[in-house]
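> predicted model and sequence follow; I will ask about them next.
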Amino acid sequence: MAGSTFRTNPVSLQDLLKSCHDGRLQLPDFQRSWVWDEDRIKSLIASISRAFPVGALMTLETGGGVNFKPRTIEGAPDGANKILPAELLLDGQQRMTSLYQVTLRGQVVKTITPKKHPVERWFFVDIRKSLDASADREEAILSVPADKIIRSDFNRQIDSDYSTTEKEFENLVFPLARVFDGMAWQMEFVTWANANGRMQELWPVVQQFYIEVLANFTGYQVPVIALGRATTKEAVCTVFEKVNTGGKPLDAFELVTAIYAAEGHELRKDWYGEGRDNKGRHGRFVAAQKLADAEKGILANVANTDFLHVVSLFYTRDLRRTAEAAGKEGKDLPQVTGKREALLNLPLAAYKQYQGSAEQGFLKAAKFLFTQRVYRLFDLPYQTQIIPLAAILADIGDAWELEANREKLQRWYWSGVLGELYGSAVESRISRDFLEVPAWLAGGKVPVTVSEASFRPERLKTMRMRLSAAYKGVNALLMKERAKDFRSGQEFDHTVFFGESVDIHHIFPKKWCEEQNIKSEVYDSIINKTPLSYRTNRIIGGAAPSAYLAKLEAGGPEASAVDPIRLDGFLASHLIDPTLLRGDDFFAFMDARQKSLLSLIEQAMGKQSLISTLSDGDYSNELDEDEEEAELTVAAE
């Protein structure tokens, strides 16, 4: 019978803080630094002073399968970091660090103002205000400068002085640094009050403060959810996703970083580098195929978890092959995967074994994408498809440069893009492609991504936004098929692309279409768009095609005259019928170019498209799937 992996019990606040002090309770190393400002600290103290709940803590018992590198609570004494912790604090760091710094550490608290300016503060309770039922308790919590003197008028006037114990007594304020030493403070107060003839006046107030306020600290019980040492890494990761809603989202990379740190390896340095001379793997990816100052490399958005994903694919494939060699079959075979659980169970030895080839796989992926005329992150059809692409290229090595293999790789890539197969729920597809594509290159059967990919002719009419992978894909295919700029006649290699600010532009201009009462859902289709340079698009402006073609042929200050026959060739390289464009025949042009683009797509995918359900000239009001998603997002905001 399955048992609970955690227990819930109240623990004394004082005991918890002492555990922080002596190192028995520490933090996992991936936890972010303490960042609370003085107002949040005062609010927390005010709540505890009234015995109000401040939320549960969550701890993880050490000594199990989750072996994170620990670090002490900020401000703990140096000796505490030599202690092997009994528990790690998973949730509650900000609260416990704040309370430890204020109440038990005995030193000035280095915090920040609400405007993020660093300050040093001591915290006190105004005893009279704390006993006033009509007053806001937070106003009774005082944060004062390091010298314990509150000044005004640009520090020229002293308003309050709490710099000695006697002055605390005179002002009737209690130092929160002595909250767990309150009895001794009271005895000192009695001595002072008797010596100054104020015992009868003030002692009842101090006694009431002890009972109604101070006892709430010494008797405070914090609910603690304690995870046992049998808790899995995946469960710990899930816990953080649930409880860390207000902070920086924690992903598998941070957890793996902490796990590797316990073995002496600094994963974060591998990724982010260290110092000016070591930019790390992320820096190398940002620079990969970077050809314009304003652009990042095509790999700039590869996440650290994407990289671990590729490493995990190789490691889990090794496990599967070992199991196959041992005669295991079916469900007994380990999955080849890069899911979160697999990343959390990725041994450091496996990471070290495959990190080099995985990096080379990503760098080769950047080169491959350039050969497909995908130059910018902005124009990348699918970020997710880079993962299997990198894994496949890392696996096959230099064999990707062989013509037959390149053709198959291109067919697989464009099947994923134009079949729109890498938009969601891609984990199983990534793993399957990693296994199937190299086998296909070696003479095996066609991968499922290639065999099941399909394209509907009418989809061209509904592709209107860059959010669509297929929209970006068609633009790249046109450049790959050696389309030439209308003005210069240059092909769109990377030099021209960046140097001439090439982008996707209308063929029949928007202004002209609107003047002809053509609907935007028709003229905004990818059928009416093509890659053109910025200067060419300026010449086109909002004129009819017949007018801007005549302008290109005549030449002028912005461009040399273009021979009409050569211009027709430039148009044809974009799969445009020159006769229809010169005749401003929009709908005939759209029908003809749809067929031409469809042939281009079929060539890239290596198969015929599905039979169209729409007749020629019939433009559906169906939204592009990504446009529909965008509209729903806007509506929800």
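Great, that's in hand. Numbers count the residues shown, from 1 in each chain.
> can you tell me which residues contact the most far-flung residue of the chain relative to its centre?
Distance from the C-alpha centroid of the chain, by CA atoms, centre = their mean, peaks at residue 197 (64.8 Å). By CB atoms under 8 Å, 6 or more residues apart in numbering, the contact set of residue 197 is empty. Quick note: C-beta positions are derived from backbone N, CA and C, even for glycine.
> next: the one 5 residues further on.
The contact partners of residue 202, by CB under 8 Å, 6+ apart, come to 172, 189, 193.
> quick one: the helices in the stretch 251-400 of the chain?
252-261, 267-272, 280-287, 304-325, 340-344, 348-371, 386-396 (DSSP state H, counting those that start in this stretch).
> any chance of those in a markdown table, with distance to residue 99 and mean pLDDT too?
Output for the helices of the stretch 251-400 of the chain, formatted as a markdown table (distance: least, CB to CB, whole Å; pLDDT from 0 to 100):
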| stretch | distance to residue 99 | mean pLDDT |
| --- | --- | --- |
| helix 252-261 | 24 | 85 |
| helix 267-272 | 29 | 92 |
| helix 280-287 | 36 | 92 |
| helix 304-325 | 33 | 96 |
| helix 340-344 | 31 | 88 |
| helix 348-371 | 36 | 96 |
| helix 386-396 | 43 | 97 |
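> which one of these lies nearest to residue 572?
Closest approach to residue 572 among the helices of the stretch 251-400 of the chain is made by helix 348-371 (23.2 Å; CB to CB).
> list the buried ones in the closest one?
Applying a neighbour-count criterion of 16 or more other CB atoms under 10 Å, one finds 350-351, 354-355, 357-359, 361-366, 368-370 buried in helix 348-371.
> quick one: which of these is nearest residue 223?
Nearest to residue 223 among the buried residues of helix 348-371, with distances taken as CB to CB, is residue 351, at 37.5 Å.
> can you give me the neighbour number for residue 435?
Using other CB atoms under 10 Å, residue 435 is surrounded by 19 other residues.
> quick one, what contacts it?
Counted by CB under 8 Å, 6+ apart, residue 435 has contacts 317, 336.
> quickly find the element holding it.
Residue 435 belongs to helix 427-441 when elements are defined using DSSP states H and E.
> got the CA positions of the helix or strand hosting residue 567 in PDB?
Using DSSP H and E, the element containing residue 567 is helix 564-573. Only the C-alpha atoms of helix 564-573 are listed here, as PDB (Å, rounded to 0.1, in the frame of the first residue of the first chain):
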ATOM      1  CA  PRO A 564      11.500  44.300 -69.200                       C
ATOM      2  CA  ILE A 565      12.600  40.800 -70.200                       C
ATOM      3  CA  ARG A 566      15.000  40.600 -67.300                       C
ATOM      4  CA  LEU A 567      12.300  41.900 -65.000                       C
ATOM      5  CA  ASP A 568       9.900  39.200 -66.200                       C
ATOM      6  CA  GLY A 569      12.600  36.700 -65.200                       C
ATOM      7  CA  PHE A 570      12.900  38.200 -61.800                       C
ATOM      8  CA  LEU A 571       9.100  37.900 -61.300                       C
ATOM      9  CA  ALA A 572       9.100  34.300 -62.500                       C
ATOM     10  CA  SER A 573      11.800  33.400 -59.900                       C
END
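> list the contacts of that helix.
With CB under 8 Å, 6+ apart, helix 564-573 has contacts from 481-486, 489, 549, 552-553, 562, 577-578, 581.
> try it again with 7 Å
482, 483, 484, 486, 489, 549, 552, 553, 578, 581 (CB atoms under 7 Å, 6 or more residues apart in numbering).
> quick one: name whatever helix or strand follows that helix.
helix 578-582.
> show me what the helix or strand following that next one is packed up against.
The helix or strand immediately downstream of helix 578-582 is helix 586-605, counting by DSSP H and E. Helix 586-605 is packed against helix 403-418, helix 459-462, helix 469-480, helix 578-582, with contacts defined by 3 or more CB pairs under 7 Å, 6 or more residues apart in numbering; DSSP states H and E.
> ok, residue 70 - contacts?
By CB under 7 Å, 6+ apart, the neighbours of residue 70 are 26, 27, 28, 29, 85, 88.
> looking at pLDDT only, which of those scores worst?
Within the set of the contacts of residue 70, pLDDT is lowest for residue 29 (79).
> what's the neighbour count on the residue nearest to residue 596 when sequence neighbours are not counted?
Leaving aside its sequence neighbours, residue 596 sits nearest to residue 575 (CB to CB, 6 or more residues apart in numbering; 3.8 Å). Counted with other CB under 10 Å, residues neighbouring residue 575 total 22.
> which one, of the helices and strands packed on helix 586-605, ends up nearest to residue 12?
Here helix 469-480 is closest among those (CB to CB), at 56.8 Å.
> what's the average pLDDT for the closest one?
For helix 469-480, the per-residue pLDDT averages 95.
> pLDDT weak spots in the chain?
Residues of the chain that meet the criterion pLDDT under 70 lie in 1-6, 30-32, 237, 240-250, 292-294, 611-637.
> now the strands for it?
Taking DSSP state E, the strands of the chain run over residues 6-12, 25-28, 57-61, 70-71, 87-91, 109-112, 118-126, 141-144, 149-152, 157-161, 173-175, 221-227, 503-506, 529-532.
> out of these, indicate the one that is most buried.
strand 25-28 (a mean of 27; mean count of other CB atoms under 10 Å).
> any idea how far residue 317 is from residue 204?
77 Å (CB to CB, to the nearest Å).
> residue 101 and residue 162, how far apart?
Applying CB to CB to residue 101 and residue 162 gives a distance of 18 Å.
> same drill for these two, tell me which one is more crowded.
Taking other CB under 10 Å, residue 101 and residue 162 do not tie; residue 101 has more neighbours (27 against 20).
> if the closest residue to the more buried one other than its chain neighbours is in a bridge, with which residues?
Once flanking residues are discounted, residue 101 sits nearest to residue 109: 4.6 Å by CB to CB, 6+ apart. Here residue 109 sits in beta bridges with residue 121, going by DSSP bridges.
> my guess is residue 109 contacts residue 121. True?
Yes - Residue 109 is in contact with residue 121 according to CB atoms under 7 Å; the separation is 5.1 Å.
> quick one: contacts for the residue lying closest to residue 516 once chain neighbours are set aside?
In this structure, residue 516 finds its nearest non-sequential neighbour in residue 586, 6.9 Å apart by CB to CB, 6+ apart. Contact analysis of residue 586 by CB under 7 Å, 6+ apart lists 508, 516, 518.
> that older thread, point out the most buried one among the helices of the stretch 251-400 of the chain.
With a mean of 26, the top stretch among these by mean neighbour count (mean count of other CB under 10 Å) is helix 386-396.
> please list the outside residues in contact with that helix.
With CB under 7 Å, 6+ apart, helix 386-396 has contacts from 302, 306, 309-310, 313, 357-358, 360-362, 364-365, 368, 400, 413, 430, 433-434, 437-438, 441.
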